[in-house]
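Visitor: okay, sequence plus prediction incoming.
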Amino acid sequence: MATPIKTGLCSYGHSGSVFHAPFLHLHPGFTFEAIVERSKHETQKRYPYVTVYSSVEDMLKDDSLELIVVNTPNYSHYEYTKAALLAGKNVVVEKPFTVTTAEGEELVQLAKEKNLMISVYQNRRYDSDYRMIKKVVEEGLLGDILEVEFHYDRFKEELSYKAHKEVAQKGTGVLYDLGSHIIDQALTLFGMPTSVFGDVRMIRTNSVVDDYFELLLYYPNLRVRVKSNYLVREALPAYILHGRKGSFIKHKADIQEAMLLKGLLPEGKDWGAEQPHEWGLLHTDSNGEVVKKYLPSVPGSYMDYYQGIYEALREGKPNPVPAEQGLNVIRVIEAGFKSSEERRVIDL
């Protein structure tokens, strides 16, 4: 294997400890070199070999680092990604890529000028649920897809303990937070829509950020609804697809985050595998015969994202989630807000 990619992580909160550090620790193509922790040194309890910096600015002065993971609050993605690029580093930036399309376009241009890579960490592409949906669509099991619904719901009346998520500023709220995941999934499957209609609301008591949205994405022969609501006690299926030949219904069941929260490392043949009772229901026509059965799910693997980053930087293979794709998600989010405010369909 080529020289490992020396990597620095901007934060060791939920995102850093669950979605990044375990993978950087395990993947032989990376060395988890550095992290920013301003007061607590929690990282070193589990990764004692990591160098701890008190600020992102100090970490970026480390000339040995080749890759920086920007996993800070949404509003700071632009600032820290730009600083990392100016310091000559490749960047993995958490979703949402930026808060505005203007910020994203500037970063894309800067990366091109510097001949550096920006990749957006869209980990839900690597969930077992979504991988199964992708397989059903790509194998044509439903025929032409006509109508799709993606749900990402929660039941949580209380405000988040993460204070930065509950501040009334651009980049906060459920459309940027959870919407980034399911919009990205829709765009990955079906491409950019021609237009968007949005309904964005605040429904929790005392909330000052949006915690409900429904976007309708228009395609020439397809309609895709992406929805999230923080007050759904009885969850609907996360994925509902109707095609000319049949339907596929799938609940959200990826187990990776729950396993990572228990402190388990992402390894072993059963990692990311769903139990049979979580499989999706296929009801379709196969060679003139009606078929109704549960399909075994494809295991999820967030490690595949980091394998993609390794291959992009060391083997010249495609970036697994190019910045341009992250930018398209922001374009749809901005159109959703504009549509909701003006109560009209927004053409893209």
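Guide: Ah, there it is.

Visitor: could you pull out the helices for the stretch 151-300 of the chain?
Guide: For the stretch 151-300 of the chain, the helices defined by DSSP state H, counting those that start in this stretch cover 174-177, 179-190, 256-261.

Visitor: can the ones you listed go into CSV with extra columns for distance to R46 and mean pLDDT?
Guide: Where C-beta positions appear, they are placed from N, C-alpha and C, glycine not excepted. CSV is the format used below for the helices of the stretch 151-300 of the chain (distance: least, C-beta to C-beta, whole Å; pLDDT from 0 to 100):
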stretch, distance to R46, mean pLDDT
helix 174-177, 26, 97
helix 179-190, 26, 98
helix 256-261, 12, 96
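
Visitor: can I get the ones you listed in JSON lines including mean neighbour count and distance to E105?
Guide: What follows is the helices of the stretch 151-300 of the chain, written out as JSON lines (neighbours: other C-beta atoms under 10 Å; distance: least, C-beta to C-beta, whole Å):
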{"stretch": "helix 174-177", "mean neighbour count": "24", "distance to E105": "17"}
{"stretch": "helix 179-190", "mean neighbour count": "23", "distance to E105": "17"}
{"stretch": "helix 256-261", "mean neighbour count": "16", "distance to E105": "31"}
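
Visitor: quick one: closest of the ones you listed to Y121.
Guide: helix 179-190 (10.1 Å; C-beta to C-beta).

Visitor: now do the closest one: everything it contacts.
Guide: 95-96, 122, 124-125, 130, 133-134, 137, 145, 148, 150-152, 213, 215, 217, 219, 222, 224, 226, 228, 325-326, 328-329, 332-333, 336 (C-beta atoms under 8 Å, 6 or more residues apart in numbering).

Visitor: recalculate using a threshold of 6 Å.
Guide: 95-96, 122, 124, 130, 137, 150, 152, 224, 226, 328-329, 332 (C-beta atoms under 6 Å, 6 or more residues apart in numbering).

Visitor: can you check stretch 142-151 too?
Guide: Outside stretch 142-151, the residues touching it (C-beta under 6 Å, 6+ apart) are 182, 222-227, 236, 238, 240-246, 284.

Visitor: before we move on, back to that, now for the helices of the stretch 151-300 of the chain, which one comes closest to L313?
Guide: Nearest to L313 among the helices of the stretch 151-300 of the chain is helix 179-190 (21.5 Å), distances taken as C-beta to C-beta.

Visitor: coming back round to it: tell me which two in the contacts of helix 179-190 are the farthest apart.
Guide: Greatest spatial distance in these: P96 and V137, 24.1 Å, computed using C-beta to C-beta.

Visitor: between the two, tell me which one has more neighbours.
Guide: Neighbour totals were compared for P96 and V137, and P96 leads with 25 against 17 (other C-beta atoms under 10 Å).

Visitor: remind me which helix or strand that one belongs to.
Guide: Counting by DSSP states H and E, no helix or strand carries P96.

Visitor: rewinding a little: looking at the contacts of stretch 142-151, which are in strands?
Guide: Counting by DSSP state E, the part of these found in strands is L222, R223, V224, R225, V226, K227, I240, L241, H242, G243, T284.

Visitor: got the contact list for the third one?
Guide: With C-beta under 6 Å, 6+ apart as the criterion, the residues that contact V224 are V148, A186, L217.

Visitor: ok, so of those, who is nearest Q256?
Guide: Here the nearest of those to Q256, counting by C-beta to C-beta, is A186; it sits at 20.9 Å.

Visitor: of all the ones in strands among the contacts of stretch 142-151, which comes closest to P4?
Guide: For those, the nearest to P4 is V226 (37.6 Å; C-beta to C-beta).
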